[in-house]
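S.K.: Fold the following.
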Amino acid sequence: MRSLLVAGLLFASLAPAQNALYLDISKNWLRTLDDRPWYAKADFPDNELRNVDLPLPLLLRPDQGKFYWLRRKVELPSGTDRRQLTLTLGSFDRVYEVYVNGVRIGGTPGMDVSTFQISRPRTFAIPAEVASRTGPLQIAVRTGRPTGTLRLPWLNVPEGPYLMTYGWNAPKGLGESSINAHSLRNAPYLITSLIEILLGIFILFLGTEDRFRRKFYWLTAFLWANGAAEILQFMQIGVDTYPMHLGGQMSRIGVALDLAVYAEFAMSALGMRMRWAMLGIWITTFALLLQMGLDPADSNLFPLTRVLGALTLAIILWTWWKICRVRTVRPHHLFVATLAFTVLVLINRHGSDLGFNPRWLIGHYWWPNSQIMIVLLAVAMLVQMLRQLAADRKEKQRLAGELEAARTVQQMLFASTPGVDAVYEPAQEVGGDFYFAAELADRGQLVVVGDVSGKGLKAAMLVSTITGALRNRHNDDPAALLLELNRVLLGGSGFVTAVIAKVRSDGSVMLANAGNPAPYLSCEEVALPAGLPLGVDAEASYESVQLQLSKEQTLTFVSDGVVEAANVQGELFGFERAREISSQSPAEIARAAQAWGQNDDITVVRVRRKS
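M.R.: Below you'll find the predicted structure:
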C-alpha cells in the first residue's frame, strides 16, 4: 500500500512537467522604423520588416523621442492549454505596451517617451479569450526611446528572458531581482558620492585654516552638490517614473549647478577672478534651471550643458594662458590638465557623447569615471591642504621657537640691582616695555622705565637699541640722559616714552620724564613735567625734579599697560586704582592688572633706599 502511494505522488508531480510550456521567444523578431497603430494587428503583412533578436542592440534602435514596433509570431505546441498563458519580456526601451492578436494586454506605467523607466523583466497574463483563438499568437510590442539625458544609474543592462509559459511556471520576482542586481552593479555611484560628501566636510573644516579659503569653499560646494545629486539619483532606482519624482528633479538641479560651481572653484584654484566670464556661466545656468522649471518632464538638457561645459573649459584654458603670460610662479601643468579634463568628463556624463566610455566595468560593478575623477581631484586638493597646513605648522613652530628665544634674550637685557624689584609681563612673546637699573659709583642707583611704540619683534628690536645705549651712556643725570637717548632714536620708525630716576644713597632722588606715566611715592603720584617722547623732536628739552625718599618709602613705576588694562565691559583699570595699589609689591600690582584684563605690556618697578 505504501509503495502505491509513493508511485501516485511521483506520477502527480511528473504530470505537470510533461505538460509544461516553456517557449524561448528571444529570436526571430521583426522590427519597424516608424509608429503606426495597425502594426498591432495580427493580420498585418510582415514582408518588409527587418529580422532582429532580443535584447535589441542600441545601434539598431531608432532616434530618441520616437516609438517603434517589434513583432513576433508564436506557434504553440499541440495540446497547449491556452487559458493560462503568460508572456515574460525582459529589457526593452524604457516604455512599452504589449499586444497579442491586436489586443493590448499590458505595458509599463506611462507611455510618454519623455518619461524615464528602468528596464526590467515583466510578466503579463494573456487573457483566455485572446489566446483561445486558433492558430499562432501574434505578439506586437510598441516601445520608444526616451528623450534627453539618461543618467547612468538608470541604464540597466539589457537582459532576458523573453518567453511564453504557463502562469504557474512563469519566473517569479524577476523584476525585483533585476532592480536589486542593478542597484548592486551601480553601488560604486553611491560609494563615490558618499566619499565626495565626506571629502567636502574635511576640506571645509581644513579650509578655514587657510588664508586662500575661497577655493576650498567652492570645491566643498561642488562636491556636496555633485554628491547629493548622485545620491538622490541612485535612490530613484526601483521607482517606475522619473523625473516626476521630487528626488529626481532635485538631482537634475544638481546637474545644472555643478558645472557653474566647478567653474568658480577652477577660477579660485588658479588664483584668477574673471567676473565677466563667470557672469556668462551663471546666466546659462539660470536659463537651464528656468527650462527645467517650466517643463519638469523635459529632460533634453544637451544644448545648455554643452554650452556650460564649453564656457567652463574656455575659462580654464584662457586663465592658464593669461597666467603663463603675466606670472613667474604658475600652477603645475598637470593640475591645470586635471581641471580641464574633469570638465570633459562632466560634459560626457551629462549626455554629450565625447567619444569615451562614461563608466568602467570592473568585476561586476560599474565605476563612474566622472565620480572617480572628481574624488581624485578632491583628494589631490586635500593632500595639498594637508601639506600646506603641515608646512604652516612647522613654520609657526619655528617662529614660536624664535620668539621664545627672543623673549629669553629680552629678559636678559633687563638689568637689575639690589633695592630694585621689577616684574615684566609682555602682552605677546616679546614686548615694547623695558626697564633698566644700574648701580652707580657712589652706591646710588640709576633706574629707567619706558615703553616703545608698537608691539612684537619690531618693538623688541628697538628695546635692544635702547638698552645698548643705556649700557654705553655718557651721563647719569636724568635730563641729560634723556637728551642722549633722544639723539640715538631720532630718525627711527617709532617713538619711546621713558622716565629716569637717579637715587643717591642718602635718599635724594632726581627725576626726568619723557611722556611716560609718573611714578608713585607712598601712594601719591609724583608731579613731573610730561616732556615729549624720545625720537620725535631734535629740539626737545627735558628738566629734572628732585624729591626725598625715606627708608620706609618706595618709589613705584608702572607702564601704561597697568592703567590701560580693560575688563569685558571696556572699563579701564585707570590711574586711581593704580595709585591705590602702588604700595603693594610689583608682582601683586601686575596680577591685579592682568586679572582686570591685560591688553598691553605690563611693567612694574619698585625702588627702595639701600641704606
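
S.K.: switch to C-alpha atoms for all contacts and neighbour counts from now on
M.R.: Noted.

S.K.: State the phi and psi torsions of the closest residue to Val503 other than its chain neighbours.
M.R.: Counting by C-alpha to C-alpha, 6 or more residues apart in numbering, Val509 is the residue found nearest to Val503 once chain neighbours are left out, at 4.5 Å. Per-residue torsions, Val509: phi -130, psi 130 (degrees, to the nearest 10).

S.K.: So what's the residue count around Val509?
M.R.: 21 (other C-alpha atoms under 10 Å).

S.K.: what's it in contact with, if anything?
M.R.: Shown in contact with Val509 (C-alpha atoms under 8 Å, 6 or more residues apart in numbering): Ala501, Lys502, Val503, Gln546, Leu547, Gln548, Leu549.

S.K.: what's across from it in the sheet?
M.R.: Val503, Leu547 (DSSP bridges).

S.K.: that older thread, write a PyMOL command that selects only the buried members of the contacts of Val509.
M.R.: Command for PyMOL that selects the buried part of the contacts of Val509, burial taken from 16 or more other C-alpha atoms under 10 Å:
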select buried, resi 501+502+503+549
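
S.K.: Of the contacts of Val509, which is the nearest to Leu462?
M.R.: Ala501 (21.1 Å; C-alpha to C-alpha).

S.K.: and the closest one, helix, strand or coil?
M.R.: Under the three-state scheme (DSSP: H, G, I helix; E, B strand; the rest coil), Ala501 adopts strand.

S.K.: and the closest residue to it other than its chain neighbours, how many residues sit next to it?
M.R.: Spatial nearest neighbour of Ala501, chain neighbours left out: Leu511 (4.5 Å); criterion: C-alpha to C-alpha, 6+ apart. Here the number of neighbours of Leu511 (other C-alpha under 10 Å) works out to 24.

S.K.: and if you look at Ser550?
M.R.: So Ser550, with other C-alpha under 10 Å, has 12 neighbours.

S.K.: Identify the residue spatially nearest to it, adjacent ones excluded.
M.R.: Nearest non-adjacent residue to Ser550, counting by C-alpha to C-alpha, 6+ apart: Gly507, 6.1 Å away.

S.K.: Do a quick rundown of the strands in the stretch 501-611 of the chain.
M.R.: Remark: strands assigned in the stretch 501-611 of the chain by DSSP state E, counting those that start in this stretch are 508-514, 520-521, 524-525, 544-548, 555-558, 602-607.

S.K.: So what's the model's average confidence on the fourth one?
M.R.: By that I understand strand 544-548. Taken as a whole, strand 544-548 carries a mean pLDDT of 91.

S.K.: going forward can the numbers begin at 40, since that is how I track them
M.R.: Yep, numbering from 40; the last one is strand 583-587 now.

S.K.: now that strand against strand 547-553, angle please.
M.R.: 150 degrees (axes from the mean of the first three to the mean of the last three C-alpha atoms, to 10 degrees).

S.K.: who does strand 583-587 touch, helix- and strand-wise?
M.R.: With contacts taken as 3 or more C-alpha pairs under 8 Å, 6 or more residues apart in numbering; DSSP states H and E, strand 583-587 sits against strand 547-553.

S.K.: hey, C-alpha coordinates of the strand it packs on in PDB?
M.R.: What follows is strand 547-553, C-alpha atoms only, in PDB (Å, rounded to 0.1, in the frame of the first residue of the first chain):
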ATOM      1  CA  SER A 547      67.700 112.200  47.400                       C
ATOM      2  CA  VAL A 548      66.100 111.400  44.000                       C
ATOM      3  CA  MET A 549      66.400 113.300  40.700                       C
ATOM      4  CA  LEU A 550      63.600 112.500  38.100                       C
ATOM      5  CA  ALA A 551      63.100 113.400  34.500                       C
ATOM      6  CA  ASN A 552      60.300 112.300  32.300                       C
ATOM      7  CA  ALA A 553      59.700 111.900  28.500                       C
END
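
S.K.: List the buried residues in that strand.
M.R.: Neighbour counts over strand 547-553 (16+ other C-alpha under 10 Å) mark Val548, Met549, Leu550, Ala551, Asn552, Ala553 as buried.

S.K.: what does stretch 422-431 give?
M.R.: Met424, Leu428.

S.K.: Which residue is the nearest non-sequential neighbour of Tyr205?
M.R.: Leu124 (4.6 Å).

S.K.: Torsion angles phi and psi at that neighbour?
M.R.: According to degrees, to the nearest 10, Leu124 has phi -80, psi 140.

S.K.: which residue is nearest the centroid of the chain?
M.R.: The residue lying closest to the centre of the chain (C-alpha atoms, centre = their mean) is Thr259, at 2.3 Å.

S.K.: Using the three-state scheme, assign that residue.
M.R.: Classified using three-state DSSP, Thr259 is helix.

S.K.: where's it relative to Ile386, distance?
M.R.: Relative to Ile386, Thr259 is positioned 20 Å away (C-alpha to C-alpha, to the nearest Å).

S.K.: And for Pro148?
M.R.: Separation of Pro148 from Ile386 (C-alpha to C-alpha) stands at 31 Å.

S.K.: quick one, which of the two is more surrounded?
M.R.: With neighbours defined as other C-alpha under 10 Å, Pro148 and Ile386 compare such that Ile386 has more, 23 against 13.

S.K.: Let me know whether the more buried one touches Val346 as I believe.
M.R.: No - with contact defined as C-alpha atoms under 8 Å, Ile386 does not reach Val346; the gap is 9.5 Å.

S.K.: how far does stretch 568-579 stretch from start to finish?
M.R.: Stretch 568-579 has an end-to-end distance of 13 Å (C-alpha to C-alpha).

S.K.: what comes into contact with it?
M.R.: By C-alpha under 8 Å, 6+ apart, stretch 568-579 touches 521-522, 524-531, 533-537, 551-555, 580-582.

S.K.: again, only using 6 Å
M.R.: With C-alpha atoms under 6 Å, 6 or more residues apart in numbering as the test, stretch 568-579 has contacts from Asn525, Leu528, Leu529, Phe534, Val535, Thr536, Asn552, Ala553, Gly554.

S.K.: Tell me who's in contact with the last one.
M.R.: With contacts taken as C-alpha under 6 Å, 6+ apart, Gly554 has the following neighbours: Thr536, Ala569, Gly570, Leu571, Pro572.

S.K.: want to try a markdown table for the residues you listed, with pLDDT, neighbour count and distance to Ala379 as columns?
M.R.: Formatted as a markdown table, these follow (pLDDT from 0 to 100; neighbours: other C-alpha atoms under 10 Å; distance: C-alpha to C-alpha, whole Å):
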| residue | pLDDT | neighbour count | distance to Ala379 |
| --- | --- | --- | --- |
| Thr536 | 90 | 23 | 60 |
| Ala569 | 80 | 18 | 68 |
| Gly570 | 85 | 18 | 67 |
| Leu571 | 90 | 20 | 64 |
| Pro572 | 90 | 21 | 61 |
